[in-house]
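**Student:** Model the structure of this input:
(5 chains, ligands or ions: 4)
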Amino acid sequence: ADVVRLGNLKFAHYGAIAYMKEIAPQYGLEIQERVFPKGIDIIPAIIAGEIDAAASAADGAVAARATGVPVLVVAGFAKGGARIVGRGDMKWSSVADLKGKKVGVARGGAQELVLLAELDKHGLSFSDKGDKDVHLVYMAYADINQALLSRNIDAMCQSEPQSSQALSQGFGVEIIKPYDTPLGEPVRTLVITEKLYANKDVAERFLKCFVAATKFFIDNPDKAQAYVREKMFKGQLSDEDYRQALENSPFSYDVTADHVQTTIDMMVKYGIGKLANPPKAADFVKLDLLAKARKDLGIQ
Amino acid sequence: MGKADLDAPGLAARLARALAVPVALLALWQLAAVSGLVNPHILPSPWQVLRRWAAYASPTEPLAQGMNPLAWAFSGELPHDALATAVRVAVGFAIGAGLALPLGLAMGSFDRVYNLLNPLLQVLRPIPPIAYIPLAILWFGLGNPPAYFLISLGAFFPVLMNTIAGVRQVDRIYIRAGRNLGAGSATMFTRIILPAATPLILTGMRVGVGVAFICVIVAEMIAVNDGLGFRILEAREFFWSDKIIAGMLTIGLMGLAIDTCMDRLNAHLLRWHRGAGGR
Amino acid sequence: MGKADLDAPGLAARLARALAVPVALLALWQLAAVSGLVNPHILPSPWQVLRRWAAYASPTEPLAQGMNPLAWAFSGELPHDALATAVRVAVGFAIGAGLALPLGLAMGSFDRVYNLLNPLLQVLRPIPPIAYIPLAILWFGLGNPPAYFLISLGAFFPVLMNTIAGVRQVDRIYIRAGRNLGAGSATMFTRIILPAATPLILTGMRVGVGVAFICVIVAEMIAVNDGLGFRILEAREFFWSDKIIAGMLTIGLMGLAIDTCMDRLNAHLLRWHRGAGGR
Amino acid sequence: MSALVTNTAPGAPLDVVLRGVGKRFPGRDGEVLALTGIDLDVRHGEFLCILGPSGCGKSTLLNAIAGFALPYDGAITANGVPVVRPGPDRAMVFQEYAIFPWMTVAQNVAFGLKIKGLPRTEIEARVDALLRKFQLQDFRDRFPKHLSGGMRQRVAIARVLALDSPMLLMDEPFGALDALTRRNLQDELLRIWMECGKTVLFVTHSIEESIVLANRVVVMTYRPGTIKRVVPVEMPYPRDPASPRFAELARELSGLVMEEQMRHEQAERAAGDGPD
Amino acid sequence: MSALVTNTAPGAPLDVVLRGVGKRFPGRDGEVLALTGIDLDVRHGEFLCILGPSGCGKSTLLNAIAGFALPYDGAITANGVPVVRPGPDRAMVFQEYAIFPWMTVAQNVAFGLKIKGLPRTEIEARVDALLRKFQLQDFRDRFPKHLSGGMRQRVAIARVLALDSPMLLMDEPFGALDALTRRNLQDELLRIWMECGKTVLFVTHSIEESIVLANRVVVMTYRPGTIKRVVPVEMPYPRDPASPRFAELARELSGLVMEEQMRHEQAERAAGDGPD
Ligand SMILES: Nc1ncnc2c1ncn2[C@@H]1O[C@H](COP(=O)(O)OP(=O)(O)OP(=O)(O)O)[C@@H](O)[C@H]1O
Ligand SMILES: Nc1ncnc2c1ncn2[C@@H]1O[C@H](COP(=O)(O)OP(=O)(O)OP(=O)(O)O)[C@@H](O)[C@H]1O
Ligand SMILES: [Mg+2]
Ligand SMILES: [Mg+2]
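**Tutor:** Ligands and ions are numbered 1, 2, ... in the order given. Coordinates of the predicted model:
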């Protein structure tokens, strides 16, 4: 079988990507999964030639491309995955309530992007120095919940499954799912190297495998949940957390060049990722493989 | 023999003494947890940690027929993680200390070598291991090799610094005596400088092991799927405080075990030493 | 005076010697970069790093009217970051070493204290600072206080271990002499045990500074928005290899500066020492 | 030096009382009996010399009185109280000097005085006087590593004399000194002893030195270390090595020491001889 | 001990040649001139004793020949080659013993032999014989911290004698020994010297010892250290301390040493006196 080395993210309750390795033999592939705790660590692995394909946020793919890493966006595997959560002991009605508050967020990710877009939309200025309407506090994903819990911040724009946990453990309440900006729901993308893309036959089978895995998960939510909870998390993720997380971040196949282009534009606008020479979405979003795979498998 | 007994109290007594402070702290912690003074999400009660620890250490599957019961008993996540981390620390430490020791001996002994290499090493020393991750992946790929690199980097500098200092503080009278008795460089190193510098080198090794443990958690960020550091990072992502603490304590106990061995080694290697004991 | 000159070569000569190895390495690196042997995304050429460094160090805004030119010259990102990190390391190190020193003296001198505290400390020692982040936030909130906590934790153990070892290797003849001359515990510590243990304690401090630098990057994860560690993490997020390396080198040079001071201090404090030099 | 009397009246109080004192060092194969069954009284103001073969336990005996390396078998009393710790009332000159390498010569000598809390000017004056007496004034600000062996020994002696302690324990204090310096310091020590009424226990290898200095000479046996004989020296000070009584005493003492050495050597030979 | 001749014929080759040798130690206020203008020839097989006040430079002189603390002013040749490094052809007994605390007594004595690469059995035999000779056999597996001062000194001497080096540099090797052990070791040293035709440079503070041992006695001056006088001792071995010639020589030497001491003391007094 042809070997494809796949970089996956650790807190990936988006189990479809992980599930690919289970069904890979059907497509004449052997998928070796490498799990990374942070998306940024995948990029050097790609450069070092250790990884052929990766699950990554759209902004991560943009940042990689902007630095000249030869990756292509070939599909989107999940949507959403962001939530603005406020302290459970405070009253929240809208994003406007964030004025004068400390808001925690992880730097450089989709969560920051949508947060800034929301603040902008509500006419709030922001900085990380505490001298504007909203005081941004940059931290690692894991630490943001901690800080909210110990009331060192007032609100956060958090990823999944952390935001679901904040809700289920009762120290956070949802303010909004921040998808009503020009960006819409942020998409997580599947990227492959140009080298793999050039190897058309393998790339096609890889995409087919991806589509099949995702379809299986969409069609069999119970089996998907069982796989994620038992195989990936060994029973340590609660049903409730899984359901909530998935609700805010469903499986999908699609991504559009427009969405990626909007992401790039907004990143430039808010200075996220401080892109030196922003790439053009059309140059690296290649959806032909995905279309072919969907067609072959008969999925609309 | 009453005196000998006083000098070497029974194992039970020593254990009791060693456990006094930790047990007291645990009691305090349990009290704080029960009284609701601390948020259980951040600092769960010792009891809860213990339960989580037990779950973490127990086999995940029931004993299957025909399976070796011993293998089964150690089939849990924790034994597997602990072993993986121990191996990484051991290999990384062996490489780091193995390079630092001869280099330290050379730098401590020859001012020329010291002056040549010291500026470079001092520039490299404070650079945090996390910053080396991209280079580690580039040079060593994924999995264990970059982990060894990062851990050995962490262990390297304490051993190096203490070896240099150890060599430099050897009383020159012994060096003179050795040279006068005809010792060549090799003999000087192995039979005079090394033993005379042993107190400091051993201390450097103990500190080095500690730093290696600090680094293993960074190292286990890079595409490995087991190890205590990996598990702590994972638990952090999911905000499982009890499992974080269980992992921390496991690392701590591993460190204690290593340290106890080091203490023994120390006492044996320095049995000639007329130290401050028995004043 | 020809001999004195030999002993203390001119600043230029010493500088040349100190820079020989780094410059050679830089040349090699530039060569590798130019020849395309290494990927410029991960290891950009020294020249590129230098340009990024200059940009990082330069003022971000043009000199405004009425502004103090000196203040302006240091208004860039890098001077600000370097200062922030230096202050954090200094405060954290001062706390860590300030606690470790008396504790180490006590543990080295009194077997009872050692036996009581050692197991606990050895369990705590290998626990990686990153695992303390939740507790640090819980206890100290955000910003600088938890950073001080984490850094002092890192500096604490090397200083402690070396102080204990330093005290234990004091030849008991000096302790006997001190007690015979009527020294009380305070005098024993300050005038006999401390100076006799100085070689090891200083080495512990040097290692401790190194570990503090390792920890500052972890500490600067927690909601601070300046400092070299913060900047490296930020650059990592954006995958700016040249800025990562610029940050690493800045940390390295800061470390070197500190180490040079330590070397001076060392030479001064140990001028009585009949070490291995001048054999 | 013109005093002609010894300082010890039979009625003087007992400064040191040893009863059945012994010391066992744990060894790999059984214990080493360094001292055993030592009974000794030292009167206030007495000058006692201790002679004996190398390794017989002289340093161990001084350590016992000084309060080091506790515990000992038997009972040890010094200055009227049981010895449970070291103290400046029993100032000791160590066989290995034990001057502090991290202090200058002057700091070493001043150390005990600072602890006593004397005023600065008085310390300076005393230290200056002592350094001059010991011909160390040119080295006052030097560290011990710059000194010769004899100079280090003199620093060690000066450091202890500065204390002006009522009892001096001296373990071969003049071993590294040249003949003349040695003689000068012997005179100096006798002068101090007589003027200040100190009690001195003095280990030496020189039979001549012991006769020049001591009220009584204790000769020790080797393995186990016991007291073989106590020889009173009832000559007036200063003592003339050319006098017949001096020669007679020297013969007696050297006979005792040699006898002990012989006994020991024969025992060794009997025990340890293979086909050599 | 029955040889009656000295080992040095006038025609024997020169083992040590010093020409204008000097040593300056850098000090805080200027240099200390420890040695200056030393001219000395030592013939092969000669036994030379060095006498002088404490701090006059005796150890420095031995260090110069042994090749330590280089560089020196002037020219130093030993065994026909300029001295540029230490070596086992000039085995030294240090004033501070310098036995390795991390080796047992036997390991210390065997150290030089192992370096020479002798077969194991021969090393064992030699070490055993030496330990017995020095009455250390009971302590062969002990570490130095368990030894008395005199035992340590004996280990240091045994370690050097084991080497069987053609030249011995001994810095007060018998300082910590009791009278009888000292006499025995003096005899032993003389025996070895005569039987093996070694060249010995021997620092001592004892005028008597120097007359018992030496072919020639070098008396040194203090500050700066120079050679004041070289006194030949032309008595046959073994030498009788009771003989008139012995007494005469002792008087002469002690006169020289004392003169030096006086000169020095007066200089000190003239230089250093305030209103005392
Ligand atoms: N710390 C120790 N451990 C074990 N044995 C020891 C220790 N100290 C001394 N001894 C032994 O005790 C005996 C007496 O030693 P001590 O130092 O009192 O002798 P000494 O009479 O002072 O000899 P010297 O004249 O050579 O200094 C020796 O046999 C020595 O080996
Ligand atoms: N390392 C050094 N640095 C500075 N001065 C030194 C050093 N070593 C020796 N000296 C000085 O050199 C002089 C001679 O010292 P040396 O040790 O040769 O004397 P010595 O004759 O052996 O005396 P002693 O009989 O007391 O051992 C002394 O004044 C001493 O202070
Ligand atoms: Mg002794
Ligand atoms: Mg000397």
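**Student:** who are the neighbours in contact with the residue of the stretch 101-250 of chain B found nearest ligand 3?
**Tutor:** When scored by Cβ to the ion, the stretch 101-250 of chain B has residue B:173 as its residue closest to ligand 3, at 20.0 Å. (Each C-beta comes from the backbone N, C-alpha and C, glycine too.) Residue B:173 makes contact with C:274, E:94, E:96, E:98, according to Cβ atoms under 8 Å, 6 or more residues apart in numbering or on different chains.
**Student:** Check which residues of the longest helix belonging to chain D are buried.
**Tutor:** Criterion DSSP state H: the longest helix present in chain D is helix D:244-272. By neighbour count on 16 or more other Cβ atoms under 10 Å in any protein chain shown, the buried set for helix D:244-272 is D:246, D:249, D:252-254, D:256-257, D:260-261, D:264-265, D:268.
**Student:** Which single one of the contacts of residue B:173 is nearest to residue E:25?
**Tutor:** Lowest distance from residue E:25 to the contacts of residue B:173 (Cβ to Cβ) belongs to residue C:274, with 13.1 Å.
**Student:** Model confidence at residue B:60, what's the number?
**Tutor:** Note on residue B:60: pLDDT of 71.
**Student:** Would you agree it falls within a helix?
**Tutor:** No - applying DSSP: H, G, I helix; E, B strand; the rest coil, one finds residue B:60 to be coil, outside a helix.
**Student:** Number of residues surrounding it?
**Tutor:** Neighbourhood size, residue B:60 [other Cβ atoms under 10 Å in any protein chain shown]: 13.
**Student:** From what I see, it and residue B:74 are in contact.
**Tutor:** No - if you go by Cβ atoms under 8 Å, residue B:60 and residue B:74 don't touch, sitting 11.8 Å apart.
**Student:** Farthest pair within the contacts of residue B:173?
**Tutor:** Within the contacts of residue B:173, C:274 and E:94 form the most distant pair, 13.0 Å apart (Cβ to Cβ).
**Student:** Show me which of the two is the more surrounded one.
**Tutor:** Using other Cβ under 10 Å as the criterion, residue C:274 and residue E:94 rank with residue E:94 on top: 26 against 17.
**Student:** Thought residue E:159 was touching the more buried one, still the case?
**Tutor:** No - the criterion here is Cβ under 8 Å, and residue E:94 misses it with residue E:159 at 10.3 Å.
**Student:** Tell me how many other residues crowd residue D:48.
**Tutor:** Neighbour number of residue D:48 under other Cβ under 10 Å is 24.
**Student:** Count residues in the vicinity of residue B:124, would you?
**Tutor:** 19.
**Student:** That one reaches residue C:253, doesn't it?
**Tutor:** No - in this structure, residue B:124 is not within contact of residue C:253 by Cβ under 8 Å, at 10.9 Å.
**Student:** residues contacting residue D:173?
**Tutor:** Contacts for residue D:173 (Cβ under 8 Å, 6+ apart) come out as D:93, D:153, D:156-157, D:185, D:202.
**Student:** quick one: which of these is most hemmed in?
**Tutor:** Counting by other Cβ under 10 Å, top hit in those: residue D:153 with 28 neighbours.
**Student:** List the residues that contact it.
**Tutor:** Taking Cβ under 8 Å, 6+ apart, we find residue D:153 in contact with D:97, D:173-177.
**Student:** Repeat the analysis, applying 6 Å as the threshold.
**Tutor:** D:97, D:176 (Cβ atoms under 6 Å, 6 or more residues apart in numbering or on different chains).
**Student:** Point out where the stretch 201-300 of chain A drops to low pLDDT.
**Tutor:** Along the stretch 201-300 of chain A, segments meeting pLDDT under 70 span A:233-237, A:273-274, A:300.
**Student:** That one: helices as residue ranges?
**Tutor:** All helices of the stretch 201-300 of chain A, identified by DSSP state H, counting those that start in this stretch, fall at A:221-226, A:239-247, A:257-270, A:281-284, A:288-297.
**Student:** If we ignore the residues flanking it in sequence, what's nearest residue D:156?
**Tutor:** Distances taken as Cβ to Cβ, 6 or more residues apart in numbering or on different chains place residue D:97 nearest to residue D:156, at 4.2 Å, with adjacent residues excluded.
**Student:** Over to residue B:189?
**Tutor:** Nearest to residue B:189 is residue B:105, by Cβ to Cβ, 6+ apart, at 5.7 Å.
**Student:** again with residue D:241
**Tutor:** Residue D:241 sits nearest to residue D:208 (Cβ to Cβ, 6+ apart), 6.3 Å away.
**Student:** pLDDT wise, what is residue A:44 at?
**Tutor:** Residue A:44 carries a pLDDT value of 78.
**Student:** burial measure for the residue of the stretch 101-250 of chain B found nearest chain D, as a count.
**Tutor:** Closest to chain D within the stretch 101-250 of chain B is residue B:172: 9.2 Å, counting by Cβ to the nearest Cβ. Residue B:172 sits with 18 neighbouring residues when counted by other Cβ under 10 Å.
**Student:** For it, give me the pLDDT.
**Tutor:** Residue B:172 carries a pLDDT value of 87.
**Student:** quick one on the thing from earlier: so for chain B, which of the helices of the stretch 201-300 of chain A sits nearest?
**Tutor:** The nearest among the helices of the stretch 201-300 of chain A, by Cβ to the nearest Cβ, is helix A:239-247 at 8.5 Å.
**Student:** just so I have it, where are all the helices in the stretch 151-279 of chain B?
**Tutor:** For the stretch 151-279 of chain B, the helices defined by DSSP H, counting those that start in this stretch occupy B:172-180, B:185-187, B:194-219, B:228-238, B:241-269.
**Student:** Just name the most buried of these.
**Tutor:** Counting by mean count of other Cβ atoms under 10 Å in any protein chain shown, helix B:194-219 has the highest mean neighbour count of those, with a mean of 27.
**Student:** Wondering if that helix reaches chain A at all.
**Tutor:** No - using Cβ under 6 Å from any Cβ of the partner chain, we find that helix B:194-219 stays clear of chain A, coming within 10.7 Å at best.
**Student:** Between helix B:228-238 and that helix, find me the angle.
**Tutor:** Helix B:194-219 runs at 30 degrees relative to helix B:228-238, counting by axes from the mean of the first three to the mean of the last three Cα atoms, to 10 degrees.
**Student:** With respect to pLDDT, which of the contacts of residue B:173 ranks lowest?
**Tutor:** Lowest pLDDT among the contacts of residue B:173: residue C:274, with 76.
**Student:** Contact residues of the stretch 151-276 of chain D facing ligand 2?
**Tutor:** D:151, D:176 (Cβ under 6 Å from any ligand atom).
**Student:** Show me the shaky parts of the stretch 151-276 of chain D.
**Tutor:** In the stretch 151-276 of chain D, residues with pLDDT under 70: D:265, D:267-276.
**Student:** I'd like to know how far the nearest residue to residue B:197 once chain neighbours are set aside sits from chain E.
**Tutor:** Closest residue to residue B:197 apart from its sequence neighbours, by Cβ to Cβ, 6+ apart: residue B:166 at 3.1 Å. Relative to chain E, residue B:166 is positioned 13 Å away (Cβ to the nearest Cβ, to the nearest Å).
**Student:** So for residue B:166, what's the pLDDT?
**Tutor:** pLDDT for residue B:166: 90.
**Student:** residues in contact with it?
**Tutor:** Counted by Cβ under 6 Å, 6+ apart, residue B:166 has contacts B:197, B:200-201.
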